[in-house]
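Asks: What follows is a predicted protein model with its sequence.
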Amino acid sequence: MNSISSSYNLTASAVFVSSSFSGSHEPLVSRRLFFLRDVQILELLIALFVFVTIHSLRQKKHQGIPVWPFLGMLPSLIFAVRTNIYEWLSDVLISQDGTFRFIGPWFSNLNCVVTCDPRNVEHLLKTRFSIYPKGSYFRETVRDLLGDGIFNADDETWQRQRKTTSVEFHSAKFRQLTIQSLHELVHNRLLPVLETSEEIDLQDILLRLTFDNVCMIAFGEDPGCLGPNLPEILFAKAFEAHEVS
């Protein structure tokens, strides 16, 4: 009986010790496993970030701009808008020999081709104009401003208007009217502005000159954008805002 009792006590003690040992270390093991899992996730995120960065920088060699997954070239465009988009665009075009493909976010429709190569412009607007239609979206967007004129026409409608416009542009009367209009604007408005010796925005001055000249030739009306003190003309501001939009 004594031997049985002693063996029972030893067994109970072993079970108690085993349960006590395992119970005291289970939280520690769980914490270690949880920590290792976090480290693995962090390593995966770092590896993914490094891969995306290297891939985007490699794309820059071919595209001129980093191409980020899902976002495309949008981050670079946002940065350019906040700084100087014209200088940024000029630098990209120079690095890409005058033409590059802008890739927008995957969820948008911002993909387009940007070019400043005269050969491409001639190909688009003259040589193969018929295979580059503006489409219904463009026509409906600018219909309030351009109507069904030549700048908003496609196919046969554009060809008819182009022939009519070409005849008018090459007529002696049109050339004479253009010379008279420019002579009046330059001598009576542009030179007086330059003679003030004040600091001016040359781009704004030339835009005003062009707008006055076009309106005088096309509509027979003088909006007076290049008048004294350079007044703000609502029609000119609305036209510029529509072009930007």
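Replies: Received, thanks. Numbering: from 1, shown residues only.

Asks: So for Cys225, what's the pLDDT?
Replies: As predicted, Cys225 sits at a pLDDT of 90.

Asks: What strand or helix carries it?
Replies: Cys225 belongs to no helix or strand when assigned by DSSP states H and E.

Asks: which other helices and strands contact the helix or strand harbouring Thr178?
Replies: Secondary structure assignment for Thr178, by DSSP H and E: helix 172-185. If contacts are counted by 3 or more C-beta pairs under 8 Å, 6 or more residues apart in numbering; DSSP states H and E, helix 172-185 sits against helix 202-218. C-beta coordinates here come from the backbone N, C-alpha and C atoms, glycine included.

Asks: Run through who's touching the helix it packs on.
Replies: Contact with helix 202-218 is made by 174, 177-178, 181-182, 185-186, 189-190, 193, 221-226, 230, 236, 239-240, as judged by C-beta atoms under 8 Å, 6 or more residues apart in numbering.

Asks: and the very next helix or strand once past that helix with helix 202-218, angle?
Replies: As assigned by DSSP H and E, the chain's next helix or strand after helix 202-218 is helix 234-244. Note on geometry: by axes from the mean of the first three to the mean of the last three C-alpha atoms, to 10 degrees, helix 234-244 and helix 202-218 are set 110 degrees apart in direction.

Asks: for the protein, what spans make up the helices?
Replies: Secondary structure of the chain by DSSP state H: the helices cover 2-63, 74-82, 85-95, 118-122, 135-146, 155-169, 172-185, 191-194, 202-218, 234-244.

Asks: Show me the shaky parts of the chain.
Replies: 1-36, 38-39, 52-64, 242-245 (pLDDT under 70).

Asks: Can you pull up the most central residue in it?
Replies: Nearest to the mean C-alpha position of the chain, by C-alpha atoms, centre = their mean, lies Leu77 at 5.1 Å.

Asks: tell me the contacts of that residue?
Replies: Going by C-beta under 8 Å, 6+ apart, Leu77 touches 85, 102.

Asks: What distance do you get for it to Arg119?
Replies: Leu77 is 26 Å from Arg119, where distance means C-beta to C-beta, to the nearest Å.

Asks: got it, and Leu190?
Replies: Applying C-beta to C-beta to Leu190 and Arg119 gives a distance of 33 Å.

Asks: repeat for Leu146
Replies: Relative to Arg119, Leu146 is positioned 27 Å away (C-beta to C-beta).

Asks: and the two? which has more neighbours close in?
Replies: Shown here are Leu146 and Arg119; by other C-beta atoms under 10 Å, Leu146 has more neighbours (15 against 11).

Asks: which residues sit in contact with the closest residue to that one other than its chain neighbours?
Replies: Leaving aside its sequence neighbours, Leu146 sits nearest to Asn152 (C-beta to C-beta, 6 or more residues apart in numbering; 4.0 Å). Counting by C-beta under 8 Å, 6+ apart, Asn152 touches 134, 138-139, 142-143, 146.

Asks: Leu206 and Leu177, how far apart?
Replies: Counting by C-beta to C-beta, the separation of Leu206 from Leu177 is 20 Å.
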